[in-house]
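J.: Give the three-dimensional model of this entry:
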Amino acid sequence: MPRRLPMSPDRLIYMANQIGTFFRSQGHGKAVPGIAEHIKKFWDPRMKRAIFAHLDAGGAGLEPDVREALTSLKAASLPAAP
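T.: The predicted model follows:
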């Protein structure tokens, strides 16, 4: 099977913001968890690692609701402290 190249951060930002645009009409309280749930369900681990790395580097270009959703998703995916 051919090796797949990683997606560019710009493409991931675009995709995440498109998800945010879809959920925006539901209001902040539903949009943020909706965005997080969509990314959790449908993005593969490499995509999530790449967007989390972008978030850690400042998250330039991410819409506020998307940034909040990614922050909560990242926190929820971290292993619990002993």
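
J.: any idea how far the residue positioned nearest the centre of the chain is from Pro79?
T.: For the chain, the residue nearest the mean C-alpha position is Leu70 (4.4 Å; C-alpha atoms, centre = their mean). Distance, Leu70 to Pro79, using C-beta to C-beta, to the nearest Å: 18 Å. Where you see a C-beta, it was placed from the backbone N, CA and C, and this is true even at glycine.

J.: Does the residue nearest to the centre of the chain touch Leu62 like I think?
T.: Yes. Here Leu70 reaches Leu62: they are 7.0 Å apart, a contact under C-beta atoms under 8 Å.

J.: okay, and the common contacts of those two?
T.: Ala16, Leu55 (C-beta atoms under 8 Å, 6 or more residues apart in numbering).

J.: Next, the contact list for Asn17, please.
T.: Gly61, Leu62, Glu63, Val66.

J.: what distance separates the helix or strand hosting Ile13 from the centre of its chain?
T.: For Ile13, the host element (DSSP states H and E) is helix 9-24. Using C-alpha atoms, centre = their mean, to the nearest Å, the distance from the centre of helix 9-24 to the centre of the chain it belongs to is 8 Å.

J.: what does stretch 73-82 give?
T.: Computed by C-alpha atoms, centre = their mean, the chain-centroid distance of stretch 73-82 equals 15 Å.

J.: What ranges in the chain fall below the confidence cut-off?
T.: In the predicted model of the chain, residues 1-6, 80-82 satisfy pLDDT under 70.

J.: how about stretch 39-47: buried residues?
T.: Ile39, Trp43, Met47 (16 or more other C-beta atoms under 10 Å).

J.: ok, which stretches of the protein are helices?
T.: Listed in chain order, the helices of the chain (DSSP state H) span 9-24, 28-42, 45-56, 64-77.

J.: other SSEs contacting the last one?
T.: Okay, so that is helix 64-77. Under the contact criterion of 3 or more C-beta pairs under 8 Å, 6 or more residues apart in numbering; DSSP states H and E, helix 64-77 touches helix 9-24, helix 28-42, helix 45-56.

J.: Distance to Thr21 added to the buried residues of stretch 39-47, as a markdown table?
T.: Listed next are these as a markdown table, based on distance: C-beta to C-beta, whole Å:
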| residue | distance to Thr21 |
| --- | --- |
| Ile39 | 14 |
| Trp43 | 16 |
| Met47 | 18 |
